[in-house]
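got a sequence here, can you model it:
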Amino acid sequence: AVHESYTPQMILDICTDTNKTVVFVVPNDQDLGNLERIFPFFNHTNIPVLRFDGWDCLPYDRVSPAPHIVAGRCNVLSQLLAHKNRPCIILTTANAITQRTLPRHILKGRVMSVKTGDVVDVSELHLFLVNTGFRHTQTVREKGEFSTRGGIIDIFPSQYDTPMRIDMFGDEIDSIRSFDVMTQKSLQSVDKFIMCPVSEVMLNDDTVASFRQKYRALFGQSATKDDLYNSISMATPYQGYEHWLSLFYDSLETLFEYIPVDSPIIFGNDTQTSISNRLTDISDYYATRLQDMDTGDLGVSPYRAIAPDDMYLNTDALQRYLHNRTVAWCHYSPTPDGENLPITASVDFTATRVQNESVWDALKQYFIKNNKKTLIACDSVGEMERIRNLLLDTGFQVTEVANVNEIGAIRGMGICVLRIGAGFDTDTYSLIGQYNLLGQKTIAQTRRKKSAQFIMDTGTIEVGELLVHHTAGIGRYEGLEILTINDAPPRLFKGGV
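Model prediction:
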């Protein structure tokens, strides 16, 4: 058992102590995002942390998973193959752990390094991009896309946050620069970058032939009239064709094949229930597809579903993968038959707020009595600045902390940007969550807000974040600035670009 907010530190400690890759499985995508977001604060040793998502579509769906999701999955698998002996942390979900993916031998060797000064055959580069799943577009905006305009080649590899722009001079790479997907303007020079596959289905002569043969064997000669069959026969991607992944290869593998056999696997709180529900959903969706085939679906191309075991792990298969591995089940409440880490919940000021007393005075009294380093985890940069000013007004000396390694240098009260639910106490420091101090934040549901409420809500927005304005469209938040016009009362309005 471990306190929920302390989970990243627990995972890092296990990885450091064992010097092995650690897999941590959470119930769903929301939990995965929350965990990934707070990890950098605890990871001061820079252990690689890889996020391995499941597909963001339903089993047996007619739509494909999002391109950036698939590209991210391929990137993680490629990194695991390239750095077999490098300990890392893999954060994943119940959906992802039970889903099959392309075999290792397909990914091996499918990596290209591009460097300034290299002599490149543009046609071979184009062929590599197509064969590894990149999509040709007019304008590159998402991972896994590329475009060509004369001697300019734009590519968005899966392992980078920004796309790359190659400027060719004849058959030589003259320069490489990253660029902004919104403005399409170049950002900074890059010496080299690496590309790996961005799709789990790589359409080539071998995979197309495999699909055609298996599709006919499963569904008969009449299935050759299906839109899916004809599209793949022409090596053209078809919406949702990933749901027939097993037909493209001799066999599929899972994340387990890509990690060392001695890697500890930890299942987070409620993950076991999520896995059970997931397997039930898969069976239900498959049964529904079979029923649709029996009753017919006029006007829609037939959906000929393959067996669940071809695409997903069932309970028995999952247990076989976990057999003889180090496996732990993590809970957020103490358990009588397990190990309970000595991490307790931090102080909470709910009673103080209910009695309409000053939380800042109560915090000061707590600080005086507490013999450990103390810091407040704030939801955003804006909230941190607001809390900093309130602490200064209360008489605190304030120290801003970037990561857990800086806690020892705190003078007075520490503050940091760390969006957690509730804080915790360790032997050496106390981390108070903003929720513990100020309570759950509520945002009005009405479309129009009073100015005071509007200003308070902007504290949850990070400077630099993209926003959508209901009349002006997309912009980038730059903060608020006091504007006075013609001696009128000050108005707080200055925002996006």
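
wait, residue 50 sits on residue 86?
No: taking CB atoms under 8 Å as the definition, residue 50 is not a contact partner of residue 86, at 10.7 Å. Quick note: C-beta positions are derived from backbone N, CA and C, even for glycine.

what are the phi and psi values at residue 142?
Backbone dihedrals for residue 142, given as degrees, to the nearest 10, come out at phi -120, psi 160.

show me the contacts for it.
By CB atoms under 8 Å, 6 or more residues apart in numbering, residue 142 lies in contact with 67-68, 156, 181.

about what we covered before: compare residue 50 and residue 86 (neighbour count), which wins?
Neighbour totals were compared for residue 50 and residue 86, and residue 50 leads with 18 against 11 (other CB atoms under 10 Å).

where exactly do the strands run in the stretch 301-450 of the chain?
Remark: strands assigned in the stretch 301-450 of the chain by DSSP state E, counting those that start in this stretch are 327-329, 344-345, 373-378, 398-400, 413-417, 424-425, 429-433.

apart from its chain neighbours, what residue comes closest to residue 358?
residue 352 (7.5 Å; CB to CB, 6 or more residues apart in numbering).

measure the residue lying closest to residue 378 once chain neighbours are set aside to residue 436 for me?
Leaving aside its sequence neighbours, residue 378 sits nearest to residue 384 (CB to CB, 6+ apart; 3.8 Å). From residue 384 across to residue 436, the span is 15 Å (CB to CB, to the nearest Å).

swap in residue 130?
Residue 130 is 53 Å from residue 436, by CB to CB.

when these two are compared, which one has more neighbours?
Between residue 130 and residue 436, counted using other CB under 10 Å, the more crowded position is residue 436 (23 against 16).

make CSV from the strands of the stretch 301-450 of the chain and add mean neighbour count to it.
Putting these into CSV (neighbours: other CB atoms under 10 Å) gives the following:
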stretch, mean neighbour count
strand 327-329, 14
strand 344-345, 13
strand 373-378, 25
strand 398-400, 17
strand 413-417, 22
strand 424-425, 22
strand 429-433, 23
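
in TSV: those, plus distance to residue 267 and mean pLDDT.
What follows is the strands of the stretch 301-450 of the chain, written out as TSV (distance: least, CB to CB, whole Å; pLDDT from 0 to 100):
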stretch	distance to residue 267	mean pLDDT
strand 327-329	5	93
strand 344-345	23	91
strand 373-378	26	95
strand 398-400	35	95
strand 413-417	29	95
strand 424-425	21	94
strand 429-433	25	94
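
let's have these in JSON lines, adding distance to residue 320.
Conversion of the strands of the stretch 301-450 of the chain to JSON lines gives the following (distance: least, CB to CB, whole Å):
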{"stretch": "strand 327-329", "distance to residue 320": "13"}
{"stretch": "strand 344-345", "distance to residue 320": "38"}
{"stretch": "strand 373-378", "distance to residue 320": "41"}
{"stretch": "strand 398-400", "distance to residue 320": "49"}
{"stretch": "strand 413-417", "distance to residue 320": "43"}
{"stretch": "strand 424-425", "distance to residue 320": "37"}
{"stretch": "strand 429-433", "distance to residue 320": "40"}
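
about what we covered before: OK, contacts around the residue nearest to residue 358?
358-359, 362.

now the helices for the stretch 1-150 of the chain?
Secondary structure of the stretch 1-150 of the chain (DSSP state H, counting those that start in this stretch): helices at 7-18, 29-42, 67-82, 94-97, 104-107, 122-131.

and the ones you listed, which is most packed in?
helix 94-97 (a mean of 25; mean count of other CB atoms under 10 Å).

packing partners for it?
On a contact count with 3 or more CB pairs under 8 Å, 6 or more residues apart in numbering; DSSP states H and E, helix 94-97 meets strand 22-26, helix 271-295.

ok, and the helix or strand in the protein with the lowest average confidence?
helix 451-457 (a mean of 42; mean pLDDT, DSSP states H and E).

tell me what the following helix or strand past that one is packed against?
Using DSSP states H and E, the helix or strand that follows helix 451-457 in sequence is strand 466-469. Applying 3+ CB pairs under 8 Å, 6+ apart, we find strand 466-469 packed against strand 473-476.

test my guess that residue 315 contacts residue 282.
No: Residue 315 lies out of contact with residue 282 (CB under 8 Å); the separation is 11.2 Å.

so who does the closest residue to residue 424 other than its chain neighbours touch?
Nearest non-adjacent residue to residue 424, counting by CB to CB, 6+ apart: residue 3, 4.3 Å away. Contacts for residue 3 (CB under 8 Å, 6+ apart) come out as 332, 341, 343-345, 422, 424.

now, which of those sits nearest residue 261?
residue 341 (26.4 Å; CB to CB).

that older thread, output the contacts of residue 3 as JSON lines; include the columns distance to residue 176.
Output for the contacts of residue 3, formatted as JSON lines (distance: CB to CB, whole Å):
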{"residue": "332", "distance to residue 176": "46"}
{"residue": "341", "distance to residue 176": "47"}
{"residue": "343", "distance to residue 176": "46"}
{"residue": "344", "distance to residue 176": "51"}
{"residue": "345", "distance to residue 176": "50"}
{"residue": "422", "distance to residue 176": "46"}
{"residue": "424", "distance to residue 176": "45"}
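
of those, which pair is most distant in space?
Pairwise over the contacts of residue 3, using CB to CB, the maximum falls at 341 and 422, 15.4 Å.

nearest to residue 256 among the contacts of residue 142?
Of these, the one sitting nearest to residue 256 (CB to CB) turns out to be residue 68, at 23.9 Å.

any idea of the angle the longest strand along the chain forms with helix 122-131?
Secondary structure of the chain per DSSP state E: the longest strand is strand 172-179. Strand 172-179 runs at 40 degrees relative to helix 122-131, counting by axes from the mean of the first three to the mean of the last three CA atoms, to 10 degrees.

counting contacts, what elements does strand 172-179 pack onto?
Applying 3+ CB pairs under 8 Å, 6+ apart, one finds that strand 172-179 makes contact with strand 112-115, strand 164-169, strand 186-189.

hey, which of those strands is tucked in deepest?
The most buried one of these (mean count of other CB under 10 Å) is strand 164-169, showing a mean of 18.

average pLDDT for that strand?
The average of the pLDDT scores along strand 164-169 is 93.

and for stretch 237-247?
Mean predicted lDDT for stretch 237-247 stands at 94.

can you list contacts of that stretch?
So stretch 237-247 is contacted by 55, 57, 59-65, 70, 100-102, 135, 200-201, 203, 210-211, 214-215, 218, 227-228, 231-232, 252, 305-306, 310-311 (CB under 8 Å, 6+ apart).

residue 169 versus residue 151, what's the distance?
7 Å.

please apply the same query to residue 342.
Relative to residue 169, and taking CB to CB, residue 342 is found at 63 Å.

contacting residues around residue 289?
60, 303, 305.

one more pass at 10 Å, please.
By CB atoms under 10 Å, 6 or more residues apart in numbering, the contact list for residue 289 reads 59-61, 243, 302-306.

picking up where we left off before, quick one: buried ones out of the contacts of stretch 237-247?
Among those, those scoring as buried are 55, 57, 59-61, 64-65, 70, 100-102, 135, 200-201, 203, 211, 214-215, 228, 231-232, 252, 305-306, 310-311 (criterion: 16 or more other CB atoms under 10 Å).

where in the stretch 101-250 of the chain is pLDDT low?
Nowhere does the stretch 101-250 of the chain drop to pLDDT under 70.

typo on my end, the stretch 351-497 of the chain
For the stretch 351-497 of the chain, the ranges with pLDDT under 70 are 440-465, 470-472, 480-497.

apply 50 and report the result again.
Judged by pLDDT under 50, the stretch 351-497 of the chain has its weakly predicted residues at 442-457, 459, 490-494, 496-497.
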